[in-house]
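# Structure, please.
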Amino acid sequence: MLDVSRIQVLIRGAVQGVGFRPFIYRLATDMGLTGWVSNSPQGVMIEVEGPKAHLDAFMIRVKHQHPPRASISLIEHFPLNPLGSSSFEIRHSAHSGPKHTAILPDIATCGDCLREILDPTNRRYLYPFTNCTHCGPRFTIIENLPYDRGNTTMRKFTMCEHCRTEYENPLDRRFHAQPNACRDCGPCLELWNRDGHICGIPENAIATTTAALKSGMIVAVKGLGGFHLMVDAANEDAISRLRERKHREEKPFAIMAPSLESVRNLCEVNAREEQLLLSPESPIVILRSRAGNNVAAAVAPRNPNLGVMLPYTPLHHILMNEVARPLVATSGNRSDEPIAIDEYDALERLGEIADLFLVHNRPIRRHVDDSIVRDLLERPQIIRRARGYAPLPIAVNATLPATVAAGAHLKNTVALSVPTDNGTSIVISQHIGDLETKEASGAFHAAINDLQRLYEVRPIVIARDLHPDFPSSPYAAGQTERVQHHWAHVLSCMAEHNLDTTALGVAWDGAGFGLDGTIWGGEFLLASRNSFDRVAHFRTFPLPGGDAAARKPKHTAIGLLYEILGDQAFDGSEPPLLRQMLKTNVRSPRTSSVGRLFDAVASLVGIRNEVSFEGQAAMEMEFVAAEDAEEFYPYAIRVGKPLIVDWEPMLRTILADARELIPAGIIAARFHNTLAEIIADVAERIGEPSIVLTGGCFQNRYLTERTVHRLKNCGFAVYWHERVPTNDGGISLGQIMAAARQLSVIGENSCVWQFLAK
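Model (predicted):
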């Protein structure tokens, strides 16, 4: 007779909402083991009993055969005395103890559910809220841990007999699927007009919406994490009307396409981009447009790319199957506000934008935008981290204090460090956006409070940006670690790549408050264990109007010219106030910003004098750059501490090229090439073998690819952002790490990083 043993197993990570308990149940039952499994705030708890050899095999299979959407960060097991149990069961969740489990992001509709909603013989045919343990809402509906129906916004819907049978059947893929529902017991659709009155009968809501979209109407559609504003992507007049109503002049709109074949008709798609489009995260993917596609020019003016996604909820699949054409699917918000998640709030905020409202009665607990991803250097790069990716944590094999990070002013995210038994998890919120309005400020505070409530963590440290006037700063007043913006950028990228050594961080963006009171943005920071040295930076120049110059590349260009030409920079066309600000050094802070350098050059070569959204001039510089140009402009590096990168030789040559009517595409390419050459030059002078590229300028594909190739050819190890945004969306992660380093919390050889996401 075999000796019987019993063990207790604790599994942590992204293990709730992915069918982990049903998997354990089936595995134990198939292997003839007894015991139980339960969710808890710490993760998945298991007690399992049987022959020791079978328990050893059980542990191996748990590690290697777990559900595909699960991600295990830790498995611990302890011996127990055998109890002689006779069966294996799923127990009710435990609710006590510290909360260590990861909350899973929302997951796109799986193939099995899609087949059901398109099958006329299936009871879920065309039911827009179909899901199972492999797909559906998670982060947008959860209100508390552990992940049980009673802790979600689905608690108001009582399962019918059929759904309850599925939920309780261990052999069904809906076994313990918390959002499980059907037409008889779950959420339902309605189509409203601007007054909130129901249009027609609910059963015809999709058909009426389809007809409205085909006729050029704008429809606000309540989806998974908020509303989309949807309109026919081929209808130039309708899109222009949407732009006018939303006050979004030129910033590109995203498109939802009915199928992968439809995407291929619109854009060039490589194998990696196809994989991203079809992934469970289902992000917006930045793709190169095909010439002659039927997308209206107003979707992405002066832009060779399109941001495209596939349907990712049953509602979207059903709607797109009926419409059978690409639709603009942009965030349902007014300018600089978070997206609407409640139908009544949407009526108030979007009533002057949308013609109709396709709504449902499943409450959305928190707003979550669509993520934006692209293929860069044969790897995915997340530009906006939201649905599908947030809030999966980053595990730190070090004990950090409980810290909340307030993030940045633009593209804001917040973050929370959660102590665990073997280190720390850092949870980065979904994308919140620019903190320009009262509504955005409210979303910022709600996100901070939400993370603390979910994980029951009361922070003892608050990390915030060094800038005193950021909207996020007052939250952190009085109990903070102030973190320089570009230092946070560098640490964010280092954290992503498990770097616990010295590295040279190249942090280039539009603006960050510097330690010397100037506006930094063209920085080379040598990162050591607890601090950094500013070993090089771009020569500074005056920025007339300060932050306002970000909207006026021509004003930035005049400031740049004034630095080297003095009064000769003025030709009489500039506003007198601008000339006065420069001559009297009033409201003209000095900046080293490479982002503003992009703006100035874009203006000087005739690409753009004003912008309607952040980074527009730099984007258009990238788009026009001739990819076959290899030349670069002269520049100088002044020796000293720090090194000063002098752009004046480059600028004078650019002015000469412009006078000679050299095409803007050639000038733009040479400009990009020069920046890559400067990075390689400084890197060789500093001599640090590991180089980190970070900051909003490295959203530029041309610059990033050119720089990486140049540095690798010189023998450097090069790191850039992939799973945390290189823009300010990654700042909150870096702020937590900077605060810990400034407090000297991290000990020797303790900073080991890994992503829980696959």
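# Residue 375 against residue 271, yeah?
No. Using Cβ atoms under 8 Å as the test, residue 375 is too far from residue 271 to be in contact (9.3 Å). Bear in mind the C-beta positions are built from the backbone N, C-alpha and C, glycine included.
# who has more neighbours, these two?
residue 375 (20 against 8; other Cβ atoms under 10 Å).
# contacting residues around the more buried one?
270, 272, 273, 276, 285, 381 (Cβ atoms under 8 Å, 6 or more residues apart in numbering).
# Give the buried subset of these as a ChimeraX selection command.
ChimeraX command restricting the contacts of residue 375 to the buried ones, with burial defined by 16 or more other Cβ atoms under 10 Å:
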select :273,276,285,381
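# What about the contacts of residue 375, which are in strands?
If you go by DSSP state E, the contacts of residue 375 have 285, 381 in strands.
# May I see the contacts of residue 375 arranged in JSON lines, with distance to residue 129 and pLDDT as well?
Converted to JSON lines, those look like this (distance: Cβ to Cβ, whole Å; pLDDT from 0 to 100):
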{"residue": "270", "distance to residue 129": "34", "pLDDT": "97"}
{"residue": "272", "distance to residue 129": "32", "pLDDT": "96"}
{"residue": "273", "distance to residue 129": "29", "pLDDT": "98"}
{"residue": "276", "distance to residue 129": "25", "pLDDT": "97"}
{"residue": "285", "distance to residue 129": "25", "pLDDT": "98"}
{"residue": "381", "distance to residue 129": "32", "pLDDT": "96"}
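# Show me which pair in the contacts of residue 375 is furthest apart.
270 and 381 (14.2 Å; Cβ to Cβ).
# Does residue 291 belong to a helix, a strand or coil?
Under DSSP: H, G, I helix; E, B strand; the rest coil, residue 291 falls in the coil class.
# pLDDT value on it, please?
Among the per-residue scores, residue 291 holds a pLDDT of 92.
# What is the burial count for it?
Neighbours of residue 291 under the rule other Cβ under 10 Å: 5.
# Also residue 281?
Applying other Cβ under 10 Å, we find 22 residues neighbouring residue 281.
# Number the chain from 780, please
Noted, 780 is the first residue going forward, which turns the last one into residue 1060.
# For the spatially closest residue to it that is not a sequence neighbour, give me its contacts.
Leaving out its chain neighbours, the residue that sits closest to residue 1060 by Cβ to Cβ, 6 or more residues apart in numbering is residue 1167, at 3.0 Å. Applying Cβ under 8 Å, 6+ apart, we find residue 1167 in contact with 884, 885, 886, 887, 1058, 1059, 1060, 1061, 1062, 1091, 1150.
# Redo the residues you listed as a markdown table? Include secondary structure, pLDDT and distance to residue 1483.
Listed next are the contacts of residue 1167 as a markdown table, based on DSSP: H, G, I helix; E, B strand; the rest coil; pLDDT from 0 to 100; distance: Cβ to Cβ, whole Å:
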| residue | secondary structure | pLDDT | distance to residue 1483 |
| --- | --- | --- | --- |
| 884 | coil | 92 | 26 |
| 885 | coil | 96 | 29 |
| 886 | strand | 93 | 30 |
| 887 | coil | 97 | 28 |
| 1058 | coil | 95 | 22 |
| 1059 | coil | 93 | 27 |
| 1060 | coil | 95 | 22 |
| 1061 | coil | 97 | 25 |
| 1062 | coil | 98 | 19 |
| 1091 | coil | 98 | 28 |
| 1150 | coil | 98 | 19 |
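# could I get the residues you listed as JSON lines with distance to residue 1293?
Putting the contacts of residue 1167 into JSON lines (distance: Cβ to Cβ, whole Å) gives the following:
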{"residue": "884", "distance to residue 1293": "35"}
{"residue": "885", "distance to residue 1293": "39"}
{"residue": "886", "distance to residue 1293": "42"}
{"residue": "887", "distance to residue 1293": "42"}
{"residue": "1058", "distance to residue 1293": "39"}
{"residue": "1059", "distance to residue 1293": "41"}
{"residue": "1060", "distance to residue 1293": "36"}
{"residue": "1061", "distance to residue 1293": "39"}
{"residue": "1062", "distance to residue 1293": "34"}
{"residue": "1091", "distance to residue 1293": "41"}
{"residue": "1150", "distance to residue 1293": "31"}
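# No further questions, thank you.
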